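S.K.: using only what follows, build the 3D model:
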Amino acid sequence: MITRLALLGATGDLAGRFLLPALAHLMAAERVPLALQVVGGGQQDWTGQQFRDHVDSRLREHAGRVPDRARQALLAGLRYRQVDLDDPQTVVRVVRAADPTHALPVVVYLALPARTFGGALRGLIAADLPAGSRVAVEKPFGDDLAGAAALNALLARIGSGDAAAGYRVDHILAMPAVRELARLRGAGGALEPVWSAAHIDRIEIVWEETLGLEARAAFYDTTGAVKDVMQNHLLQILVLAAMEPPARETEEDAHDAKLALLQRVREPSAAQLPSRSSRARYTAGSLVDSHLPGGRPVPGYALADGVEPGRGTETHAQLILEIDTPRWAGVPFVLRTGKAMGAPHKGVVLHFRDAVPAATPPGVDVVSPRELWIELDGPGGAVHAPGELSAYQEVLADLLTGGSRTSIGALEAVEAWRIFEPVLRGWSVGAVPLAEYAAGSSGPEPLQAPLFAAARGGQRGHNGPQHH
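M.R.: Predicted structure coming up:
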């Protein structure tokens, strides 16, 4: 197990809400040693004690149930270095602080805005990481296909051979319910007999949350719903749902099966975008708040601090994709994600051609005679999303122990942009108008699933997706 961690972006939201609390939980469960050494790198001109005070505050807020022994052990192993990502030598200093001998492997986690990945990776190239080191990059991986290819090239230059392994994080792969989905539809799974176009008419993958911006405008306004959730999280769920089960239960075979499926996903044409996609952003409304019976008033997205209204960033997106495989010929896959919704919906909806299976496994709900709902998270909407926190524990454990279960491959990242780049390009020139929906509402009207040319006998089960 690697016992040195360099965390770039250590003073940011991702580190404070998820990564550092996840480390504390791992220490409490004795899944990582209490002697783990963590060096934080951030823009602030802080002393080590100021950083420890900051982390202590975030742990009390987001990991309040962690035993004091684990919390104190994490704090005791913390150090801090100021970083300027335009200066590679400051990145080198963070890595050197993790292991002054430059002999032990280090995990370097880039908890940074995507636009800064290039500078951070160039600094890590200069750092010449010790053999066995790993570099974790958060999503979104690049802004487009060319950007993903460029980041792949930089990751390949960090070390040589086994000197460093690039790790493209998608924590959705570590969420227990997402793993359960793969088990349910896999070989011998409860839903395996009906998992094909012969039985399923349409599949929806939904990730809608009640959270608004929550002081994340600097990140979100340059990202949007597609890059933040759909191009990575929802696409990975689609892949797990649609891919052929790998011949062997190895990480390498799983990555190969995922890539093979991605290569059969058809990117929408410019002419198809108006009917197969939608984008919208929320206006003023009221969001669910357990402390306020009437809800919490929020301004419209365009009026929020830090937002550039003319940028046209979407907070809700829908996209219908088609997969060119015998198993899924003619079946629309509908992806839908949104922020500031009236209720959280995170799951997979299976619309059957006829009746749902007579017997449904635990965790799968019958919502109508032809529909099943597979929940992908616990009760959502809270700042502390238990599924996400536990997922980041698995990401960090995977990283520190040499696994790759929660990483996507280099070619997977490129294929993802092959699918989504035409969508964002079309939206940028107005092919699909930016609609609006009130914060706290059910959001835009669901897209109507088209009758694909490959549909069985020209029949479809329903007219379009429904909210649940």
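
S.K.: any idea of the mean pLDDT for stretch 347-366?
M.R.: Here stretch 347-366 scores 90 as its mean pLDDT.

S.K.: with just CA atoms, put that stretch into CSV.
M.R.: Extracted in CSV, the C-alpha atoms of stretch 347-366 (Å, rounded to 0.1, in the frame of the first residue of the first chain):
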residue,chain,number,x,y,z
GLY,A,347,-31.7,5.9,-10.8
VAL,A,348,-32.4,3.9,-13.9
VAL,A,349,-35.9,3.4,-15.3
LEU,A,350,-36.5,0.3,-17.3
HIS,A,351,-39.5,0.6,-19.7
PHE,A,352,-40.6,-2.9,-20.8
ARG,A,353,-42.4,-3.8,-24.0
ASP,A,354,-44.8,-5.9,-22.1
ALA,A,355,-45.2,-6.5,-18.4
VAL,A,356,-42.3,-6.2,-15.9
PRO,A,357,-40.8,-9.5,-14.7
ALA,A,358,-43.0,-11.4,-12.2
ALA,A,359,-40.3,-11.5,-9.6
THR,A,360,-38.1,-8.4,-8.9
PRO,A,361,-35.0,-8.4,-6.8
PRO,A,362,-34.5,-6.3,-3.7
GLY,A,363,-33.6,-2.7,-4.5
VAL,A,364,-35.7,-2.7,-7.7
ASP,A,365,-39.2,-1.0,-7.5
VAL,A,366,-42.2,-1.7,-9.7
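
S.K.: so which residue is dead centre in the chain?
M.R.: residue 233 (4.1 Å; C-alpha atoms, centre = their mean).

S.K.: shouldn't that one be in contact with residue 175?
M.R.: No - with contact defined as C-beta atoms under 8 Å, residue 233 does not reach residue 175; the gap is 9.3 Å. Bear in mind the C-beta positions are built from the backbone N, C-alpha and C, glycine included.

S.K.: SS state for residue 230?
M.R.: helix (DSSP: H, G, I helix; E, B strand; the rest coil).

S.K.: from residue 35, how far off is it?
M.R.: Note on residue 230: its distance to residue 35, by C-beta to C-beta, to the nearest Å, is 40 Å.

S.K.: more neighbours: these two, which one.
M.R.: Each of residue 230 and residue 35 has its neighbours counted (other C-beta atoms under 10 Å); residue 230 has more, 25 against 10.

S.K.: right, and that one touches residue 420 too?
M.R.: Yes - if you go by C-beta under 8 Å, residue 230 and residue 420 touch, sitting 7.4 Å apart.

S.K.: what's the closest non-adjacent residue to the residue nearest to the centre of the chain?
M.R.: residue 172 (4.3 Å; C-beta to C-beta, 6 or more residues apart in numbering).

S.K.: measure stretch 289-302 end to end?
M.R.: 22 Å (C-alpha to C-alpha, to the nearest Å).

S.K.: nope, stretch 220-229 is what I was after
M.R.: OK, stretch 220-229 end separation, C-alpha to C-alpha: 11 Å.

S.K.: what's in contact with that stretch?
M.R.: With contacts defined as C-beta atoms under 8 Å, 6 or more residues apart in numbering, stretch 220-229 is touched by 113-115, 139-140, 143, 207, 213, 279, 306-308, 311, 313-317, 319, 337-339, 420, 423-424.

S.K.: show only the entries of the residues you listed found in helices.
M.R.: Of these, the ones assigned to helices by DSSP state H are 420, 423-424.

S.K.: show the buried residues in the residues you listed.
M.R.: 420, 423-424 (16 or more other C-beta atoms under 10 Å).

S.K.: pLDDT and distance to residue 368 added to the residues you listed, as a markdown table?
M.R.: Below are these laid out as a markdown table (pLDDT from 0 to 100; distance: C-beta to C-beta, whole Å):
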| residue | pLDDT | distance to residue 368 |
| --- | --- | --- |
| 420 | 98 | 31 |
| 423 | 98 | 30 |
| 424 | 97 | 34 |
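
S.K.: which of these sits closest to residue 446?
M.R.: Comparing those against residue 446 with C-beta to C-beta places residue 423 closest, at 17.5 Å.

S.K.: surely that closest one meets residue 277?
M.R.: Yes - the criterion here is C-beta under 8 Å, and residue 423 meets it with residue 277 at 5.9 Å.

S.K.: common neighbours of those two, please.
M.R.: 268, 319.

S.K.: run through the neighbouring helices and strands of whichever strand or helix holds residue 151.
M.R.: Assigned by DSSP states H and E, residue 151 belongs to helix 145-157. Helices and strands touching helix 145-157, by 3 or more C-beta pairs under 8 Å, 6 or more residues apart in numbering; DSSP states H and E, are helix 117-127, strand 133-137, strand 164-169, helix 410-428.

S.K.: quick check: residue 435 vs residue 310, distance?
M.R.: 17 Å.

S.K.: between the two, tell me which one has more neighbours.
M.R.: residue 435 (14 against 7).

S.K.: need the nearest residue in space to the more buried one, chain neighbours excluded.
M.R.: Residue 435's closest residue in space is residue 280 (C-beta to C-beta, 6+ apart), at 4.0 Å.

S.K.: quick check: bridge partners of the one you found?
M.R.: For residue 280, the beta-bridge partners under DSSP bridges are residue 316, residue 435.

S.K.: tell me the contacts of residue 422?
M.R.: Counted by C-beta under 8 Å, 6+ apart, residue 422 has contacts 267-270, 273.

S.K.: restricted to buried residues, select the contacts of stretch 220-229 in ChimeraX.
M.R.: Of these, the buried ones can be selected in ChimeraX as follows, counting by 16+ other C-beta under 10 Å:
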select :113,114,139,140,143,207,213,279,307,313,314,315,316,317,319,337,338,339,420,423,424
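
S.K.: restricted to strands, list the contacts of stretch 220-229.
M.R.: 207, 279, 316-317, 319, 337-338 (DSSP state E).

S.K.: and the two most separated of the residues you listed?
M.R.: For the ones in strands among the contacts of stretch 220-229, and using C-beta to C-beta, no pair is farther apart than 207 and 279, which are 15.3 Å apart.
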